[in-house]
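**Q** below are the sequence and a predicted model for it; my questions follow.
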Amino acid sequence: MLRFTGTDQQQPQTRPAKLRRQDFDEIYAAFDPKEAALQASRCSQCGVPFCQVHCPLANNIPDWLMLAAEGRLEEAYAISSATNTFPEICGRICPQDRLCEGNCVIEKGFGSVTIGAVEKHITETAFDNGWVKPIAPRAATGQSIGIIGAGPAGLAAADMLRRAGHAVHVYDRHDRVGGLLVYGIPNFKLDKKVVARREALLRKGGIQFHLNTAIGSDVSFVDLRKKHDAVLIATGVYKPRDLDIPENGLGHIVPALDYLIASNRMGLGDNVPAFDSGELNAEGKKVVVIGGGDTAMDCVRTAIRQGATSVTCLYRRDRSNMPGSQREVKNAEEEGVVFSWLSAPHSFMGDKNVREVRVQQMRLASQENGARQAVIPVPNAITTIEADLVIKALGFEAEELPTLFGEPTLKLKNDGTIAIDQKTFMTNLSGVFAAGDIVRGASLVVWGIRDGRDAAQSVQQFLQQKKAAAA
Ligand code: FAD
Ligand code: SF4
Ligand code: SF4
């Protein structure tokens, strides 16, 4: 260990931008086993590991780095999977520069340990060697739980509860398991085969999926509660934030998720009429994406791969104040995306479809009391850029669940997400729990996993108490 002084940081090879622009394959190659061990050995085994403190799952990073450095990968996998239900996914798509790696103490001057890439290497080696086994519960409890939503939060909870011996039923309105892992995040960040491999394992372990089943319309929430001993709501947040500017209703101005779902479905071989008609296809188009988060980054990079003639990202703050990962911005720039910082949409122009975006130049106000700097329009500073497809990536809000579920008493917070008891994850309805983005607001996969695991523990306690009370 401690080799950081003599060994430079080395991330796995990134495919050249010229090549990766042409397909939707993942952009990072796998680590060579020797290089993975060497990179793991750069860790200085901190007494207080800030990497672990800033990992939402509190992964025991120093221990599995040491084991990986010694080539003891089966043990490394046992430790890493003890706290993370889907390490192969987090290793690929956690914004490590804001979490574990961004807080590695050797960052300054030496470059952090490549924690995410080593986590992926350990888990891929475990899959290749058959160390990742389906769940095999010791005994059935005779109790069942209904989980609404097959995204990371719902799946992490399903895994834990199945291990405890419950019958676990996961309901999703989509036709595939994975939530945003499948229909939001593009293949070049997370290959869909990685999600399908996990799904197969969960199914083998006895988790039952009910797809194409929307709770609130196909099955009522009341019936679901009657059918199961407990219910977990893990429905995510999907209502897109919109712009309130002139000519927002023109054609070819589309919400980000519609665009990404169409692209992901095409990659999965589905028939997508809105893609074929050109409405949700960037090929041959001048594309403008509005927003500065992860979703915007995924849209710009998808548009490049679809063959857009130009892709411009408008963001109203500057580079250092954007919410998206800096690593993703760098990748996007290499692939040919142009970023227009301090730029907000003023209005759209066109006849039936959009032709131009009028762009208002912004500036950052001075910082007050450590609060996030406000953005202010610069007077008389409006420019115009051509566009034949505008993608709005302005974030998401929660859908109106009490109405959708016909359950007006379900308590919400001011922003429409579900209110829970922070300790038990239970909503104000007895036996109804909630986790993931629908509680936290739009967040990260790793937080969804954490919440799903924590909620599962509380559900487990609730079910045990219920059984004891009935005995
Ligand atoms: P979701 O993943 O949204 O899953 C919710 C599931 O519930 C969905 O499958 C939905 O179909 C289902 N559902 C909803 N309502 C019903 C109903 N009434 N009945 C039945 N089923 C229902 N995070 C990262 O960490 N890294 C990234 O790189 C990253 N990139 C992202 C890119 C995009 C484009 C987006 C939109 C998000 C990204 N995120 C990323 C965020 C991350 O995907 C989410 O935080 C995470 O998926 C939330 O998990 P969840 O299980 O709470 O919800
Ligand atoms: Fe880092 Fe995410 Fe892995 Fe935690 S789960 S160690 S934050 S990559
Ligand atoms: Fe190792 Fe960096 Fe974590 Fe310290 S902070 S234990 S050096 S990975």
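**A** Everything's here; your move. Residues are numbered from 1 along each chain as shown. Ligands and ions are numbered 1, 2, ... in the order given.
**Q** need the per-residue pLDDT for whatever residue of the stretch 51-200 of the chain ends up closest to ligand 1.
**A** Ligand 1 sits closest to Gly151 of the stretch 51-200 of the chain, with a gap of 2.2 Å, by CB to the nearest ligand atom. Yep, even glycine has a C-beta here, placed from its N, CA and C like the rest. Gly151 is assigned a predicted lDDT (pLDDT) of 98.
**Q** what is the neighbour count of it?
**A** Other residues within reach of Gly151, judged by other CB atoms under 10 Å, total 29.
**Q** list the contacts of the nearest residue to it once chain neighbours are set aside.
**A** Of all residues not flanking Gly151 in the chain, Gly179 sits nearest, at 2.4 Å (CB to CB, 6 or more residues apart in numbering). Applying CB atoms under 8 Å, 6 or more residues apart in numbering, one finds that Gly179 lies in contact with 149-152, 154-155, 172, 236.
**Q** against ligand 3, how distant is Arg72?
**A** Between Arg72 and ligand 3 the computed distance is 17 Å (CB to the nearest ligand atom, to the nearest Å).
**Q** next one: Gly184
**A** According to CB to the nearest ligand atom, Gly184 stands 29 Å off from ligand 3.
**Q** how about Leu401?
**A** Using CB to the nearest ligand atom, one obtains 39 Å as the distance from Leu401 to ligand 3.
**Q** just say helix, strand or coil for Asn428.
**A** Secondary structure for Asn428, judged by DSSP: H, G, I helix; E, B strand; the rest coil, is coil.
**Q** right, and it touches Lys413 too?
**A** No: with the criterion set as CB atoms under 8 Å, Asn428 and Lys413 do not qualify as a contacting pair; they are 11.7 Å apart.
**Q** who touches both of those two?
**A** Residues touching both Asn428 and Lys413 (CB under 8 Å, 6+ apart) are Ala419.
**Q** burial count for the residue in the stretch 251-400 of the chain that ligand 3 sits nearest to?
**A** Proximity of the stretch 251-400 of the chain to ligand 3 (CB to the nearest ligand atom) peaks at Arg327, 17.1 Å away. Other residues lying near Arg327 total 16 when counted by other CB under 10 Å.
**Q** which residue packs closest to it, ignoring adjacent ones?
**A** Counting by CB to CB, 6+ apart, Arg327 lies nearest to Asp97, which is 5.3 Å off, once chain neighbours are set aside.
**Q** how much space between Ala117 and Gln13?
**A** Counting by CB to CB, to the nearest Å, the gap between Ala117 and Gln13 amounts to 10 Å.
**Q** whoops, Ala374 was the one
**A** If you measure Ala374 against Gln13 using CB to CB, the figure is 42 Å.
**Q** check contacts around the residue nearest to Arg327.
**A** Residues in contact with Asp97 (CB under 8 Å, 6+ apart) are 325-327.
**Q** now flag whichever of those residues is closest to Leu38.
**A** When these are compared for distance to Leu38, the smallest value, 21.4 Å, is given by Arg327; criterion: CB to CB.
**Q** what about the closest one, which helix or strand?
**A** Here Arg327, judged by DSSP states H and E, is contained in helix 326-335.
**Q** tell me how far that helix is from the chain's mean position?
**A** Offset of helix 326-335 from its chain centre (CA atoms, centre = their mean, to the nearest Å): 18 Å.
**Q** can you check stretch 189-204 too?
**A** Using CA atoms, centre = their mean, the mean C-alpha position of stretch 189-204 is found 15 Å from that of the whole chain.
**Q** and stretch 379-394, by the same measure?
**A** Between the mean C-alpha location of stretch 379-394 and the chain-wide mean there is a distance of 27 Å, by CA atoms, centre = their mean.
**Q** quick check: mean pLDDT across it?
**A** The predicted confidence, averaged over stretch 379-394, sits at 96.
**Q** swap in stretch 84-92?
**A** For stretch 84-92, the per-residue pLDDT values average out at 98.
**Q** kindly export that stretch (C-alpha atoms) in PDB.
**A** What follows is stretch 84-92 as a C-alpha-only set of coordinates in PDB (Å, rounded to 0.1, in the frame of the first residue of the first chain):
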ATOM      1  CA  ASN A  84     -23.600  -2.300  -1.600                       C
ATOM      2  CA  THR A  85     -26.300  -4.300  -3.400                       C
ATOM      3  CA  PHE A  86     -25.200  -3.300  -6.900                       C
ATOM      4  CA  PRO A  87     -21.400  -2.500  -6.800                       C
ATOM      5  CA  GLU A  88     -21.100  -3.200 -10.500                       C
ATOM      6  CA  ILE A  89     -23.500  -0.300 -11.200                       C
ATOM      7  CA  CYS A  90     -22.100   2.200  -8.700                       C
ATOM      8  CA  GLY A  91     -18.600   1.500  -9.900                       C
ATOM      9  CA  ARG A  92     -19.700   2.600 -13.300                       C
END
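**Q** surely Leu65 meets Ala40?
**A** Yes: using CB under 8 Å, Leu65 is in contact with Ala40, at 4.5 Å.
**Q** which residues do those two both contact?
**A** Common neighbours of Leu65 and Ala40 (CB under 8 Å, 6+ apart) are 113, 118.
**Q** interface residues of the protein facing ligand 1?
**A** Residues of the chain found near ligand 1, taking CB under 6 Å from any ligand atom as the criterion, are 93-94, 148-154, 171-174, 179-180, 184-185, 189, 214-216, 234-236, 260, 294-295, 298, 436-437, 443-446, 448.
**Q** now the buried members of these.
**A** Among these, the ones that count as buried by 16 or more other CB atoms under 10 Å are 93-94, 148-154, 171-174, 179-180, 184-185, 189, 215-216, 234-236, 260, 294-295, 298, 436-437, 443-446, 448.
**Q** so which of those are in strands?
**A** With strands defined by DSSP state E, the entries of those inside them are 148, 171.
**Q** next SSE after the helix holding Arg327?
**A** Once the chain leaves helix 326-335, the next helix or strand it forms, by DSSP H and E, is strand 338-340.
**Q** same for that next one, what does it pack against?
**A** The criterion is 3 or more CB pairs under 8 Å, 6 or more residues apart in numbering; DSSP states H and E, and the helices and strands that strand 338-340 contacts are strand 310-314, helix 326-335.
**Q** what strands line up against it, and which way round?
**A** strand 310-314 (parallel) (DSSP bridges).
**Q** residues contacting the strand it pairs with, please?
**A** 282, 286-292, 296-297, 300, 303-304, 332, 336-340, 343-345, 357, 359, 385, 387.
**Q** how about Arg450, secondary structure?
**A** For Arg450, the reduced secondary structure class is helix; criterion used: three-state DSSP.
**Q** apologies, that question was intended for His169.
**A** Note that with three-state DSSP, the state of His169 is strand.
**Q** can I assume it is in contact with His210?
**A** Yes: applying CB under 8 Å, one finds His169 in contact with His210, separated by 6.3 Å.
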